[in-house]
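A.B. asks: Structure for this input, please:
(one chain, ligands or ions: 2)
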Amino acid sequence: MAYNVNLTQTLKSLFGFDKFKGDQEAIIRNVLDGNDTFVLMPTGGGKSLCYQLPSLIMEGTAIVISPLIALMKNQVDVITNLSDVRGIAHYLNSSLNKSAIDQVKADIREGRTKLLYVAPESLTKEDNVGFLKSVKISFYAIDEAHCISEWGHDFRPEYRRIRPIINEIGAAPIIALTATATDKVRTDIKKNLAIIDANEFKSSFNRPNLYYEVRPKTKDVDKDIIKFIKLHQGKSGIIYCLSRKKVEELAAILKANDIKAAPYHAGLDSATRSQTQDDFLVEKIDVIVATIAFGMGIDKPDVRFVIHYDIPKSLEGYYQETGRAGRDGGEGLCITFYSNKDLQKLDKFMEGKPVAEQDIGRQLLQETAAYAESSVCRRKMLLHYFGENYDKENCDNCDNCIHPKRKIEAGKELVIV
Ligand code: ADP
Ligand code: MG
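C.D. replies: Ligands and ions are numbered 1, 2, ... in the order given. Next up, the predicted model:
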């Protein structure tokens, strides 16, 4: 079926936005045309709209597969508030009881529901598969599609079962979306979802307002961090550490130094975690000290700094985590503390793991180390990692461009004259 609609008008009337961002319009046309679509767009680029808008126009229900229950509820609330149609968007996940599920299914059957968010583990449930077989599906959207790949920063094995389940429920066009753009991840996603011929839309991953710096990590690292935070008093920031123990320790040290800080990691109960998250959003807390459990879906536009206390496990992770700074386009300082000792520690962690996993882990780590030790423009290196060319000689917003003579090696500072 051809959908001849004025998309800009639809955007305005349904979402209240005046114009599309980046490739949104072309992507939406491609979905409306019934093609497979692959979207690579950095965080904050506006990926959700690429499936939300066409789902509201097309016949049938769009199935959106998304990994996070908290995010689903949020997105469903947004769509529900846009429309007078009760039940226009729903989600199916383990948080719903039987009667809520029955209501969702009734709304879908009656053709009211245009968007159904499903967690991958709910999608694979027999009951749901049986039910979805009887539904007219407009398309499938796979959000955070990098979860399919072991080369991504958030691999989820259940994501690899999506394609077989889609085949069982009934084929329809697929749109896969991710902010992860490395070649390996990209190839994995396409192969696994069997959308090799999908039309691909890739935006630039450059974040010009982010400042990248790598500092040697010495025994004074805590003092360095306190000094940095005091220089940016009252600003919001995130500090990433690799272990829960370090998160707790550092948060305590910061608090003892009159900094409004709180720890966040998966070992804390969910009430504490969501309280901390809320306190950060309303600025009762300035600094969150966290493991990488903190971040996906955090949409605080004015995070002014992201510090890596430990070297991240991959450049991909580094890019995603630093990407949480400056989402409003304002200042975003990304400081990483690097020491060779940490590198060795991480390498050692891998010893107990299966060989294939070790190989992947070591390669990712080597790439991060090369980045940290390099004297080349950080932006250029990062973009290169995503297969993107950065032509400018000097980005004017990273340590290597601003202080071109400094080189960091194994925890000490070398000045090359
Ligand atoms: P992503 O999933 O790519 O990280 P989101 O879909 O969460 O990004 O969108 C990021 C923000 O951009 C949201 O606040 C969204 O409302 C806004 N947005 C999306 N499209 C537009 C647009 N065309 N005009 C203005 N704001 C937009
Ligand atoms: Mg998103």
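
A.B. asks: Point out where the stretch 1-150 of the chain drops to low pLDDT.
C.D. replies: Scanning the stretch 1-150 of the chain for pLDDT under 70 picks out 1.

A.B. asks: How about the residues of the stretch 101-250 of the chain by ligand 1?
C.D. replies: Within the stretch 101-250 of the chain, no position lies close to ligand 1 (Cβ under 6 Å from any ligand atom). The way it works is simple: take the backbone N, C-alpha and C, and place the C-beta from them, glycine included.

A.B. asks: now the strands for the stretch 101-250 of the chain?
C.D. replies: In the stretch 101-250 of the chain, the segments counted as strands under DSSP state E, counting those that start in this stretch are 115-118, 137-142, 174-178, 199-202, 210-216, 236-240.

A.B. asks: The last one pairs with which strands?
C.D. replies: Pointing back at strand 236-240 there. Looking at strand 236-240 with DSSP bridges, its partner strands are strand 287-290 (parallel), strand 303-308 (parallel).

A.B. asks: Contacts for stretch 14-31, please.
C.D. replies: 7-8, 11-12, 37, 39, 41, 45-46, 49-54, 56, 82-83, 139, 173, 175, 199, 201, 203 (Cβ atoms under 8 Å, 6 or more residues apart in numbering).

A.B. asks: Buried only: go through these for me.
C.D. replies: 7, 11, 37, 39, 41, 45-46, 49-54, 56, 82, 139, 173, 175, 199, 201, 203 (16 or more other Cβ atoms under 10 Å).

A.B. asks: Mark which of these are part of helices, please.
C.D. replies: 7, 49-54, 56, 82 (DSSP state H).

A.B. asks: need the contact list for the residue nearest to residue 291 when sequence neighbours are not counted.
C.D. replies: With sequence-adjacent residues excluded and distances taken as Cβ to Cβ, 6 or more residues apart in numbering, residue 291 is closest to residue 265, at 4.3 Å. The contact partners of residue 265, taken as Cβ under 8 Å, 6+ apart, are 244, 247-248, 290-291, 293-294.

A.B. asks: ok, now how distant is residue 221 from residue 264?
C.D. replies: 20 Å (Cβ to Cβ, to the nearest Å).

A.B. asks: So between those two, which is more surrounded?
C.D. replies: Neighbour tally, residue 221 and residue 264, criterion other Cβ atoms under 10 Å: the higher count belongs to residue 264, 23 against 17.

A.B. asks: what about the nearest residue to the more buried one once chain neighbours are set aside, how many residues close to it?
C.D. replies: Spatial nearest neighbour of residue 264, chain neighbours left out: residue 290 (4.0 Å); criterion: Cβ to Cβ, 6+ apart. By other Cβ under 10 Å, 27 other residues sit near residue 290.

A.B. asks: Taking the stretch 251-400 of the chain, what residue is nearest to ligand 1?
C.D. replies: The minimum distance from the stretch 251-400 of the chain to ligand 1, using Cβ to the nearest ligand atom, falls at residue 299 (6.7 Å).

A.B. asks: Just read off the phi/psi values of that residue.
C.D. replies: phi -120, psi 60 (degrees, to the nearest 10).

A.B. asks: how many neighbours does it have?
C.D. replies: Residue 299, neighbours per other Cβ under 10 Å, totals 12.

A.B. asks: Model confidence at it, what's the number?
C.D. replies: Note on residue 299: pLDDT of 73.

A.B. asks: Pull up the gap between it and residue 71, please.
C.D. replies: 10 Å.

A.B. asks: what sits against the residue nearest to residue 196 when sequence neighbours are not counted?
C.D. replies: The shortest distance from residue 196 to any non-neighbouring residue, by Cβ to Cβ, 6+ apart, is to residue 190 (5.2 Å). Taking Cβ under 8 Å, 6+ apart, we find residue 190 in contact with 38, 176, 196, 198.

A.B. asks: give me phi/psi at the third one?
C.D. replies: Phi and psi for residue 196, reported as degrees, to the nearest 10, are phi -50, psi -40.

A.B. asks: And the pLDDT for residue 409?
C.D. replies: Confidence score, pLDDT, at residue 409: 56.

A.B. asks: again with the one 5 residues further on
C.D. replies: According to the model's per-residue confidence, residue 414 sits at a pLDDT of 51.

A.B. asks: isn't residue 247 right up against residue 287?
C.D. replies: No. At 11.6 Å, residue 247 and residue 287 do not qualify as touching, with contact defined as Cβ atoms under 8 Å.

A.B. asks: Just the pLDDT at the closest residue to residue 333 other than its chain neighbours, thanks.
C.D. replies: Computed as Cβ to Cβ, 6+ apart, the closest residue to residue 333 that is not its neighbour in sequence is residue 305, at 4.2 Å. In the prediction, the pLDDT value recorded for residue 305 is 98.

A.B. asks: Same question for the one 10 residues further on.
C.D. replies: Confidence per residue is given as pLDDT, and for residue 315 that number is 94.

A.B. asks: And for residue 343?
C.D. replies: 91.

A.B. asks: ok, and the closest non-adjacent residue to it?
C.D. replies: Excluding its sequence neighbours, the residue lying closest to residue 343 (Cβ to Cβ, 6+ apart) is residue 369, at 5.5 Å.

A.B. asks: so which helix or strand takes in that neighbour?
C.D. replies: helix 355-373 (DSSP states H and E).

A.B. asks: Packing partners of that helix?
C.D. replies: If contacts are counted by 3 or more Cβ pairs under 8 Å, 6 or more residues apart in numbering; DSSP states H and E, helix 355-373 sits against helix 315-322, strand 332-338, helix 340-349, helix 378-385, strand 406-409.

A.B. asks: relative orientation of the third one and helix 355-373 in degrees?
C.D. replies: What it means is helix 340-349. Orientation of helix 340-349 against helix 355-373 (axes from the mean of the first three to the mean of the last three Cα atoms, to 10 degrees) gives an angle of 170 degrees.

A.B. asks: tell me what helix 340-349 is packed against?
C.D. replies: Using 3+ Cβ pairs under 8 Å, 6+ apart, helix 340-349 is in contact with helix 355-373.
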